[in-house]
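Chemist: need a structure here:
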Amino acid sequence: MYLCKDCGSLIKDLKHFREYHGQPNLQPEEWNGCPACGSRACIEAIACSRCSEYISNHCIITVDGEIICDNCYSDYYIEDYTYGGWGKI
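Modeler: Got it, this is the predicted structure:
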């Protein structure tokens, strides 16, 4: 899976584009990009270790390599006023 950084689309397969720029006898410009907007700014999508949803913006990577999306992080950690730190629910 891929994520388009320009339009935010989650993409299974990139589309191959060919642009001749009005010069059909010259070598075309070719690239793989987003089928929705044609952007080349597509990156491999990363899945959350907790919920398996693909992450579209920010994530937290723990010291043991776990990748957690914003939603799972806010559900999993709450501020513990008794001890003044962060703790697991």
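Chemist: contacts and neighbour counts: CA atoms only from here.
Modeler: Noted.
Chemist: name the SS class of the residue sitting furthest away from the middle of the chain, please.
Modeler: Using CA atoms, centre = their mean, the residue of the chain lying farthest from its centre is Asn25. It sits 37.6 Å away. Three-state call for Asn25 (DSSP: H, G, I helix; E, B strand; the rest coil): coil.
Chemist: now it: how far from Asn32?
Modeler: 21 Å (CA to CA, to the nearest Å).
Chemist: where does the prediction get shaky in this protein?
Modeler: 75-89 (pLDDT under 70).
Chemist: show me where it has strands.
Modeler: Here the chain has its strands, by DSSP state E, at 2-4, 10-11, 15-19, 29-33, 42-44, 46-47, 54-55, 59-61, 67-69, 77-80, 85-88.
Chemist: the ones you listed into CSV, with extra columns for mean neighbour count?
Modeler: Shown next, in CSV, are these (neighbours: other CA atoms under 10 Å):
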stretch, mean neighbour count
strand 2-4, 23
strand 10-11, 20
strand 15-19, 14
strand 29-33, 15
strand 42-44, 16
strand 46-47, 18
strand 54-55, 17
strand 59-61, 15
strand 67-69, 22
strand 77-80, 12
strand 85-88, 10
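Chemist: how far away is the spatially closest residue to Tyr54 that is not a sequence neighbour from Pro24?
Modeler: Distance criterion CA to CA, 6 or more residues apart in numbering; nearest residue to Tyr54, sequence neighbours excluded, is Ala47 at 4.2 Å. From Ala47 across to Pro24, the span is 41 Å (CA to CA).
Chemist: what of Ser9?
Modeler: Using CA to CA, we find Ser9 at a distance of 31 Å from Pro24.
Chemist: more neighbours: which of the two?
Modeler: Applying other CA atoms under 10 Å to Ser9 and Pro24 shows that Ser9 carries more neighbours, namely 16 against 9.
Chemist: how near is the more buried one to Pro28?
Modeler: 26 Å.
Chemist: I'm done for today, thanks for sticking with me.
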